[in-house]
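1. take this sequence and fold it.
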Amino acid sequence: MKSNKMKVIFFLISIFFLINLISCSKKEAEDSDTPLKGVEISAGTPVQTTMTDYLDLNASTVFLSQEIVRATFPGFIIRTGKNPGDHVKIGELLFSIKTKEASASDSTDIGKQFNGLVNIYARTNGILTELSYQTGDYITESDRLALIVDPSSLRIMLNVPYQYSPNIKVSDSFPIKLADNKEFTAKVIKKIPSIDAANQTQSFVLEPDIPVNVPANLNLIVKIPLKSIAHAIALPKSAIITNETESEYWVMKMINDSTAVKLDITKGIETDSLVQVIEPNLSMSDRFITEGAYGLPDTVKVVVKK
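-> Here you go, the predicted model:
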């Protein structure tokens with residue numbers, strides 16, 4: 001009886017091991033049939049293009065032609081003929097002002113002979129950009145009442161560190177970048193023959209090549225070209241990886257369809273979208289990770305997005 005029990009137990013254990021062995025073999029077979037997956041990335045090849053290294057300098061807009069409208073006597077503003085932003089022509093009414101004396105006098109005394117009203121008219125064409133007083137306000141002599149500017153007199157004032165002054169010559173045109181990333185070009189029309197004692201900068205006056213509708217005192221970026229390379233080899237900015245101190249740079253090079261390795265580089269000129277690779281020499285047929293390279297180990301299995 002005991003012998004039969006042992007046979008049954010032995011039989012069950014044998015079946016268990018047999019099932020387990022079959023399962024493991026099946027799993028290994030499935031694993032061997034399924035390729036190892038890697039990190040999903042995008043890959044691309046270098047481009048050869050002309051690249052220019054720019055020095056970005058701050059500048060600001062000014063209007064050279066402007067009329068400051070001032071009061072020539074104390075009194076009260078009875079009427080304003082224009083509002084800020086209005087176009088103004090020579091001879092148009094700006095203010096009607098009642099003198100202080102006329103306002104203080106009894107109308108029966110001099111009202112019939114002199115009402116004390118004096119009109120102030122525009123002496124230039126332009127746009128009213130500033131209105132300092134409104135109807136009913138009291139003004140004193142020499143108060144600044146308004147400002148009229150001529151839009152066609154817009155100029156760009158550029159202050160250049162003296163060591164870069166030789167790079168800028170009268171009649172040169174440079175790209176100008178606005179805060180909203182729009183660009184236009186402007187030509188150097190004057191070089192101011194003096195140096196700012198505190199900042200050691202020299203001033204240049206630039207004129208836009210096309211009419212530009214921007215206000216005064218707007219900050220701009222003037223892009224001064226320092227050097228240009230005609231056949232630079234470059235990769236997208238997204239392909240370049242660096243350490244925290246930005247002292248080392250590298251890319252991930254594809255050595256086959258599924259493996260990428262770290263490749264140290266020396267970078268050169270950098271634009272908004274491209275980075276020149278000086279060393280090592282890259283082949284135009286080489287492939288590099290262009291998206292998804294950040295944080296990868298020195299050697300990694302990858303899957304290229306289709």
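2. correct me, but Leu64 touches Ile156?
-> No: using C-beta atoms under 8 Å, Leu64 is not in contact with Ile156; the gap is 10.9 Å. Backbone N, C-alpha and C define where each C-beta goes, glycine included.
3. the two: which has the busier surroundings?
-> Counted by other C-beta atoms under 10 Å, Leu64 and Ile156 do not tie: Ile156 has more neighbours, with 24 against 13.
4. what about that one, distance to Ile255?
-> 51 Å (C-beta to C-beta, to the nearest Å).
5. mind checking pLDDT for the closest residue to Ile255 other than its chain neighbours?
-> Residue nearest to Ile255 in three dimensions, not counting chain neighbours: Val261, with 5.7 Å by C-beta to C-beta, 6 or more residues apart in numbering. Val261 carries a pLDDT score of 96 in this model.
6. okay, now Val261: neighbour count?
-> Val261: 15 neighbours (other C-beta under 10 Å).
7. contacting residues around it?
-> By C-beta atoms under 8 Å, 6 or more residues apart in numbering, the contact list for Val261 reads Met252, Lys253, Ile255, Asp298, Thr299, Val300.
8. okay, the second one and Glu244: tell me how far apart.
-> To tie it back to what came earlier, the one meant is Lys253. The value you get for Lys253 to Glu244, if C-beta to C-beta is used, is 22 Å.
9. neighbour-wise, which of those two wins?
-> Neighbours of Lys253 and Glu244, each counted by other C-beta under 10 Å, are more numerous for Lys253; the result is 19 against 6.
10. now do the same for the more buried one: helix, strand or coil?
-> strand (DSSP: H, G, I helix; E, B strand; the rest coil).
11. list the contacts of it.
-> Contacts of Lys253 by C-beta under 8 Å, 6+ apart are Ala260, Val261, Lys262, Leu263, Asp286, Arg287, Phe288.
12. doesn't the fourth one fall inside a helix?
-> The reference is to Leu263. No: Leu263 sits outside any helix when classified using three-state DSSP, being strand.
13. now Val304, nearest residue through space, not along the chain?
-> Ala43 is the one closest to Val304 (C-beta to C-beta, 6+ apart), at 5.1 Å.
14. what of Asp86?
-> Leu128 (5.0 Å).
15. return the distance of that neighbour relative to Phe204.
-> 30 Å.
16. all helices for the chain, in order.
-> 2-33, 100-104, 107-110 (DSSP state H).
17. just for the chain, where's the confidence low?
-> 1-36, 105-114 (pLDDT under 70).
18. show me it divided up by domain.
-> 39-52+229-304, 55-63+152-228, 66-149 (automatic domain parsing).
19. tell me how far the last one lies from the chain's centre.
-> Taking C-alpha atoms, centre = their mean, to the nearest Å, one finds the center of domain 66-149 at 42 Å from the center of the full chain.
20. repeat for the longest one
-> Remark: domain 39-52+229-304 is offset 24 Å from the chain centroid, using C-alpha atoms, centre = their mean.
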